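Trainee: Predicted model and sequence below, questions to follow.
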Amino acid sequence: MDSRWSMETLLIHAGNDVVTAGPHHPTALPLYTSTSFQVESPELLDQVMSGKVAGYSYARHGNPTVAAFVAAMMRLEEAETGIATGSGMAAIDAAFYACDLGPSDLLLLSRDLYGASLNLASTVWGNTGIRVLTADFCDLDALQEILEAQHPKALLLEMISNPLLKVVDFPRLIEMAEKAGTQVIVDNTFTTPLMVQPLVLGADLVVHSATKYIGGHGDAMGGVVVGKDRYHDRLHQYLKLRGSVLGPFEAWLLHRGLKTLSVRFERQSANALELAGNLLHSGHFDKVYYPLLPNHPTSAIARQLFGTIGGAIVTMELKGGKDAAYSFIKRLKLVGSATTLGDVYTLCLYPVIASHRNQTPEERALMGITEGTVRIAVGLEDPEDLTQDILNAVQ
Ligand SMILES: Cc1ncc(COP(=O)(O)O)c(C=O)c1O
C-alpha cells in the first residue's frame, strides 16, 4: 500500500492485501465463513488470544474478511485502530463504550442527530447513571459555555445533520473540545471520507452506518468505528464482550461497496445538487434544504469543509403538513418510500414516523422538523426524471 495513493485508488485496493494465500493472491477478497480457526498449537493459540501474535481464533474476536474491511476503513479515514459492528447503532454504542463513560460523566449530543442515536444515549446510556445533554452545536457561543463549564467526557455530532443538513464549524468545535478535554465522536455516515476525514481534522473517533453509502445497494447492514490508537483495547473488548460483530458476508459486501463509492457518491451528490436547485426554483415547497445551496443557513461552512461535494440528501418542507406529506409519498412513482438512505435507488423518508418518531413534537420543532418535512436520499437515476416524479407528486 503506497502512502501517496489517492482516495480513489485506496477505495479499490485498501484491505485487499489483508487476506493472503501464500504466493497466490486472489484478485477478489475471499469470504471466510468459518466461526473458528484451528491454530497449530495451544502455545500459539494462547498468544493469538492474548493479542501478542496476529492471527484468528474465534469469529467474535476476529475474522479475515471482516479484518480486510476494517483495514480499508481505517486507511480511508486515516485511523490507527478500528472495529466493524453488526449495525451503525452498534458502532455508536461501541464509540460511547470506547470513551469509558462512567457514572456522573456528561455525554453531550448535538441536538440534530439521527433520532435513534439520541434515544440510545438517553435510554440505554442514561440508565447507567451518566448524564446526557443535548445542545444546538451551530450556536458556538452556547456550546463553548457548556464545554467550559461542564467539561463533558465526550460529545457526538453528525458532520451533516439528519435530516436538515446543518453543518457545524468543525475546526472551531475541535479547538473548544480540546481545551475542555472532551472526546469528539463524529458520525460520518452522511458525508463519507470522500467529503471529510474528521480524524484528520482532530476528532477522536469516527462512526459510520456502513448500511448506507459504504454498502450502497441496500443489501448489507453494518457499522464501523475507527479512531486513535488509544481506543484499540476498549473497542476490541466491546466486540469480545458485547458481541455485536459484523458477519463475514456483510463485510464482503461492504468491502465490495467501497470499490464503487467514489463513483456512486460523486454522481449521487451531483444529482442531489441538481434536484435541489430544480425543487427550489419550482416554488412548490416552503423550504428546500441542501448543504451547498446559498439559502441553507450553514452553506458557508459547508463549502469551506466540503468544497464542491455536498452529499446526496435533499430535504423539503411541503405546504400542508402531514396530509400533504402522506399524499405526496403515495403519489411518487419512481422515488421509493423506505427508511434508509445511501442506496443507488432514490428513496423518500418521512422523519415524523421514521427517523425521528421517538422524539416529541417539541423536540422535533427545536430541530426544525415539522409535519411537512420529507427527506429524499438521492440515488443514481437521471435527476430530470426524479424532478418530474417529485413535482408530479406534489401538485
Ligand atoms: C446518521 C446515522 N447514523 C447511524 C444510523 C444507524 O445505522 P444502522 O441503521 O446501520 O444501525 C443511521 C440510520 O439511519 C443514520 O442515519
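Mentor: That came in fine, so what should we check first?
Trainee: can you pull the contacts of A338?
Mentor: Contacts for A338 were tallied using C-beta atoms under 8 Å, 6 or more residues apart in numbering; they are 218, 347-349. Bear in mind the C-beta positions are built from the backbone N, C-alpha and C, glycine included.
Trainee: Over to I92?
Mentor: By C-beta under 8 Å, 6+ apart, the neighbours of I92 are 117, 120, 156, 185, 187, 207, 223.
Trainee: between the contacts of A338, which is nearest M176?
Mentor: When those are compared for distance to M176 (C-beta to C-beta), L349 comes out closest, at 32.3 Å.
Trainee: number of nearby residues for that closest one?
Mentor: Neighbouring residues of L349 were enumerated by other C-beta atoms under 10 Å; the total is 24.
Trainee: and the contacts of A338, which two are the farthest apart?
Mentor: G218 and C348 (14.1 Å).
Trainee: Those two: which is more packed in?
Mentor: Between G218 and C348, counted using other C-beta under 10 Å, the more crowded position is C348 (21 against 18).
Trainee: I12 contacts L261, correct?
Mentor: No. The pair I12 / L261 is not scored as a contact, 9.7 Å apart, by C-beta atoms under 8 Å.
Trainee: neighbour-wise, which of the two wins?
Mentor: Higher neighbour count among I12 and L261: L261, with 22 against 14, using other C-beta under 10 Å.
Trainee: Just confirm the more buried one contacts G216, I think it does.
Mentor: Yes. Between L261 and G216 a contact is recorded at 6.7 Å, counting by C-beta under 8 Å.
Trainee: Sketch out the low-pLDDT regions of the protein for me.
Mentor: Counting by pLDDT under 70, the chain has low-confidence residues at 21.
Trainee: Please identify which residue in it comes closest to the ligand.
Mentor: G88 (2.3 Å; C-beta to the nearest ligand atom).
Trainee: Which residue, other than its chain neighbours, is closest to that residue?
Mentor: In space, and not counting its chain neighbours, G88 is closest to S209: 2.5 Å by C-beta to C-beta, 6 or more residues apart in numbering.
Trainee: residue contacts, that neighbour?
Mentor: 87-89, 91, 187, 189, 222-223.
Trainee: Got phi/psi on it?
Mentor: Main-chain torsions, S209, degrees, to the nearest 10: phi -90, psi 100.
Trainee: Can you name the residues bridging to it?
Mentor: Assessed by DSSP bridges, S209 has beta-bridge partners G223.
Trainee: Quick check: the gap between it and E363.
Mentor: 21 Å (C-beta to C-beta, to the nearest Å).
Trainee: Let me see the ranges of the strands in this structure.
Mentor: 81-85, 106-110, 131-135, 154-158, 183-187, 205-209, 223-227, 285-289, 313-318, 336-337, 347-349, 373-377 (DSSP state E).
Trainee: Next one: the second one, is it in contact with the ligand?
Mentor: No. Using C-beta under 6 Å from any ligand atom, no contact is recorded between strand 106-110 and the ligand, whose separation bottoms out at 11.0 Å.
Trainee: Please save the CA atoms from that strand in CSV.
Mentor: Coordinates of each C-alpha in strand 106-110 appear next as CSV, following Å, rounded to 0.1, in the frame of the first residue of the first chain:
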residue,chain,number,x,y,z
LEU,A,106,-21.5,14.1,31.0
LEU,A,107,-22.2,12.9,27.4
LEU,A,108,-23.0,15.9,25.2
LEU,A,109,-25.0,15.4,22.0
SER,A,110,-25.8,17.6,19.1
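Trainee: State the number of residues packed around S36.
Mentor: 11.
Trainee: got the contact list for it?
Mentor: Contacts of S36 (C-beta under 8 Å, 6+ apart): 57-59.
Trainee: Mind giving me the ChimeraX command for buried ones among these?
Mentor: To isolate the buried ones among the contacts of S36 in ChimeraX, judged by 16 or more other C-beta atoms under 10 Å, type:
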select :57,59
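Trainee: Format the contacts of S36 as CSV; extra columns: distance to G247.
Mentor: Below are these laid out as CSV (distance: C-beta to C-beta, whole Å):
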residue, distance to G247
S57, 17
Y58, 14
A59, 9
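Trainee: The ligand next: which of the contacts of S36 are close?
Mentor: Of those, not one also sits near the ligand (C-beta under 6 Å from any ligand atom).
Trainee: quick one: D343 and V378 touch, right?
Mentor: No. In this structure D343 lies outside contact range of V378 using C-beta under 8 Å: 10.0 Å.
Trainee: Comparing those two, which residue is more hemmed in?
Mentor: Using other C-beta under 10 Å as the criterion, D343 and V378 rank with V378 on top: 29 against 24.
Trainee: Which residue, neighbours along the chain excluded, lies closest to the more buried one?
Mentor: A272 (4.0 Å).
Trainee: Equivalent analysis for Y97, please.
Mentor: Y238 (4.8 Å).
Trainee: next one: L156
Mentor: In space, and not counting its chain neighbours, L156 is closest to I185: 4.5 Å by C-beta to C-beta, 6+ apart.
Trainee: D136 now?
Mentor: Spatial nearest neighbour of D136, excluding adjacent residues (C-beta to C-beta, 6+ apart): R111 at 5.2 Å.
Trainee: Return the residues in contact with the one you found.
Mentor: Here R111 is in contact with 134-137, 366-367 (C-beta under 8 Å, 6+ apart).
Trainee: What residues does this protein have near the ligand?
Mentor: Taking C-beta under 6 Å from any ligand atom as the contact definition, the chain meets the ligand at 87-89, 114, 117, 158, 162, 187, 189-190, 209, 211, 221, 223.
Trainee: Can you spell out the domain ranges of the chain, please?
Mentor: Using automatic domain parsing, the domain parsing of the chain gives 7-259, 261-394.
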